[in-house]
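Trainee: Dropping a prediction and its sequence here:
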Amino acid sequence: MRSDSVASAGPTPVAAGHAHYGVSFGEFVALIAALMAVNALAIDVMLPALPQIGVSLAVADANGPQAVIISYLFGLGGAQLIFGPLSDRYGRRPILLAGLTLFVAAGLVAAFAQSFEQLLAARLAQGVGAAAPRVIAISLARDCYGGRAMGRVMSLAMMVFMSVPIVAPSLGQIILMFGSWRWVFGTLVIGGAALVAWTSLRLPETLPPQDRRSLSASAVGSACREVLTTRVTVGYMLAMSLTHGALFGFVTSAQQIFVDVFDTGRLFAVFFAMIAGTLGVAAFLNSRLVGRHGMRRLSHGATIAFIGISALHFLVALGGLESLAVFMVMQSLTLLVFGFIAPNFNALAMDPMGHIAGTASSLIGFFTTTAGAALGYFTGQAFDGSVLPFTLANLLWGAAALVVIFVTERGRLF
């Protein structure tokens, strides 16, 4: 049986919450969670507004409004390649604040967009800005922890992060009851501005000057080469990309599945929240179990369970037995096991990369987000008025992820 490595160095004063920093461990984890959660909010709060956006901006294709989600994800994925090396050179704080500021500014542009093309451009820019908190939240955690300890920190942060999909669609639905879809972007602007203030006032720098890296082509190239030639990092990055394809496929298809297939109307947000709530439950359980059982045992077992659940769901849909109740149960189970996959895959990929955490986080984030977005877009565009393409895609992405893990671990699971 394999054991997960634990970094030899203990937590830094920031993670330990020393008084002279004025940041407790709880606030440190909460801030990381908030930085991660802003991305979930920017995606899921949009879902109820997609039909209204399509009508308001004259989008002809019924699947066209999905691009509001996908354009954001591509901006989020690509820009991580920039923010990671920058944070390794200049520190976490200034780069994080720059990205959050861009997120707020792009949200304002999106709120006043007069065409669908303008909206997509603003969403792309908003995703670029959101790449900074996406990369740096993970870098902050790796600056302070390694091994199973990082797995626990990431699980606690993701427990908060994964609660956002529970409330975000309902929040979007409430906003639409009192205003147009433009106010949804206004909410993101307010949330982004609050994060700018919190970061400015409370976050200390976690990357010491002596650990900062040059931005020269040779230094960045060397760091990237190390990331892309480390077997464990590359393997779990690819596996995470595949499982993210299943998650993004659900996000892009959810509104159409609930409304068009199951005719839930405005209750879509409630049903979505019920399913998404299992992510938070799984993240909490993972934070309690990872120290005892290790990241490999939990994530490998969860991947096998993901495949089994997806296969059963596909067979149910193929046999014409799908119903709202069946979908709720099967998709809840799917996201429950995903909650054991995501934080552990991410921690396993990052664990060997403590000395180049920013660059590593950026490359991992780039591949997992862009590849996951592409697979999710493929799933969403295959929507044909049934859940069959969606369930088949989940099965394929899960099976491919297990193959990648098997190769990465040289045939030794758990």
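Mentor: Sure, I can see it.
Trainee: From here on, just use CA atoms for contacts and neighbour counts.
Mentor: OK.
Trainee: wait, what's in contact with residue 184?
Mentor: 45-46, 49, 111, 172, 175-176 (C-alpha atoms under 8 Å, 6 or more residues apart in numbering).
Trainee: any weak-confidence spans in the chain?
Mentor: 1-23, 146-148, 151, 162 (pLDDT under 70).
Trainee: Check which element follows the top helix by length along it along the chain.
Mentor: Longest helix in the chain by number of residues, with DSSP state H as the criterion: helix 116-144. Next helix or strand after helix 116-144 toward the C-terminus (DSSP states H and E): helix 147-161.
Trainee: what's the helix or strand following that next one in contact with?
Mentor: Downstream of helix 147-161, the next assigned helix or strand under DSSP H and E is helix 164-178. With C-alpha under 8 Å, 6+ apart as the test, helix 164-178 has contacts from 37, 40-41, 44-49, 181, 183-184, 266, 269-270, 272-277.
Trainee: how big is the angle separating helix 164-178 from helix 147-161?
Mentor: 20 degrees (axes from the mean of the first three to the mean of the last three C-alpha atoms, to 10 degrees).
Trainee: And helix 164-178, what's buried?
Mentor: Buried residues in helix 164-178, counted by 16 or more other C-alpha atoms under 10 Å: 164-173, 175-176.
Trainee: returning to that earlier point: show me what the longest helix of the chain is packed against.
Mentor: helix 25-44, helix 67-90, helix 92-111, helix 147-161, helix 357-381 (3 or more C-alpha pairs under 8 Å, 6 or more residues apart in numbering; DSSP states H and E).
Trainee: closest to residue 241 out of these?
Mentor: Taking C-alpha to C-alpha, helix 357-381 is the member of these nearest to residue 241, at 4.0 Å.
Trainee: Next, the angle helix 67-90 makes with that closest one.
Mentor: Using the same axes, to 10 degrees: helix 357-381 against helix 67-90 is 170 degrees.
Trainee: ok, back up a step: how far out from the middle of the chain is the longest helix of the chain?
Mentor: 11 Å (C-alpha atoms, centre = their mean, to the nearest Å).
Trainee: how about it: buried residues?
Mentor: 116, 119-144.
Trainee: Mean neighbour count and distance to residue 246 added to the helices and strands packed on helix 116-144, as JSON lines?
Mentor: Shown next, in JSON lines, are the helices and strands packed on helix 116-144 (neighbours: other C-alpha atoms under 10 Å; distance: least, C-alpha to C-alpha, whole Å):
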{"stretch": "helix 25-44", "mean neighbour count": "21", "distance to residue 246": "15"}
{"stretch": "helix 67-90", "mean neighbour count": "24", "distance to residue 246": "14"}
{"stretch": "helix 92-111", "mean neighbour count": "22", "distance to residue 246": "26"}
{"stretch": "helix 147-161", "mean neighbour count": "26", "distance to residue 246": "18"}
{"stretch": "helix 357-381", "mean neighbour count": "25", "distance to residue 246": "6"}
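Trainee: So which of those helices is nearest residue 336?
Mentor: Nearest of those (C-alpha to C-alpha): helix 147-161, 11.9 Å.
Trainee: Distance from that closest one to the middle of the chain?
Mentor: 13 Å.
Trainee: Leaving out the residues flanking it, which one is nearest to residue 91?
Mentor: residue 207 (5.7 Å; C-alpha to C-alpha, 6 or more residues apart in numbering).
Trainee: Look at the one you found and tell me its secondary structure.
Mentor: Under DSSP: H, G, I helix; E, B strand; the rest coil, residue 207 falls in the coil class.
Trainee: count of neighbours near it?
Mentor: By the criterion of other C-alpha atoms under 10 Å, residue 207 has 21 neighbours.
Trainee: mind listing what it touches?
Mentor: 88, 91-92, 143.
Trainee: so, if you compare the residues you listed, which one comes nearest to residue 296?
Mentor: Distances from residue 296 to these, taken by C-alpha to C-alpha, are shortest for residue 143, at 21.7 Å.
Trainee: Distance of the closest one relative to residue 211?
Mentor: 10 Å (C-alpha to C-alpha, to the nearest Å).
Trainee: now swap in residue 178 and tell me
Mentor: 50 Å.
Trainee: try residue 242
Mentor: For residue 242 relative to residue 211 (C-alpha to C-alpha), the value is 33 Å.
Trainee: Between these two, which is the more surrounded one?
Mentor: residue 242 (27 against 12).
Trainee: if I look at the more buried one, how far off is residue 411?
Mentor: For residue 242, the distance to residue 411 - C-alpha to C-alpha - is 19 Å.
Trainee: want to throw the contacts of residue 207 into CSV with distance to residue 101?
Mentor: Output for the contacts of residue 207, formatted as CSV (distance: C-alpha to C-alpha, whole Å):
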residue, distance to residue 101
88, 19
91, 17
92, 14
143, 23
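Trainee: So for the helix or strand hosting residue 396, what gets flagged as buried?
Mentor: Assigned by DSSP H and E, residue 396 falls within helix 388-408. Within helix 388-408, the residues that qualify as buried are 388-402, 404-405, 408, counting by 16+ other C-alpha under 10 Å.
Trainee: what's near enough to touch residue 192?
Mentor: 38, 100-101, 103-104.
Trainee: For residue 67, state which of the contacts of residue 207 is nearest.
Mentor: Closest to residue 67, out of all of the contacts of residue 207 and judged by C-alpha to C-alpha, is residue 92, at 30.7 Å.
Trainee: which residues does that closest one contact?
Mentor: Here residue 92 is in contact with 136, 140, 205-207 (criterion: C-alpha under 8 Å, 6+ apart).
Trainee: if I look at the residue nearest to residue 91, how far off is residue 32?
Mentor: 15 Å.
Trainee: Residue 66 reaches residue 50, doesn't it?
Mentor: Yes. Look at residue 66 against residue 50 with C-alpha atoms under 8 Å: they come within range, at 7.3 Å.
Trainee: what touches both of those two?
Mentor: With C-alpha under 8 Å, 6+ apart, residue 66 and residue 50 have no common neighbours.
Trainee: ok, so what distance separates residue 349 from residue 35?
Mentor: 20 Å.
Trainee: My error: substitute residue 76 in the last question.
Mentor: 13 Å.
Trainee: Then residue 269?
Mentor: Counting by C-alpha to C-alpha, the gap from residue 269 to residue 35 is 23 Å.
Trainee: Repeat that for residue 267.
Mentor: 29 Å.
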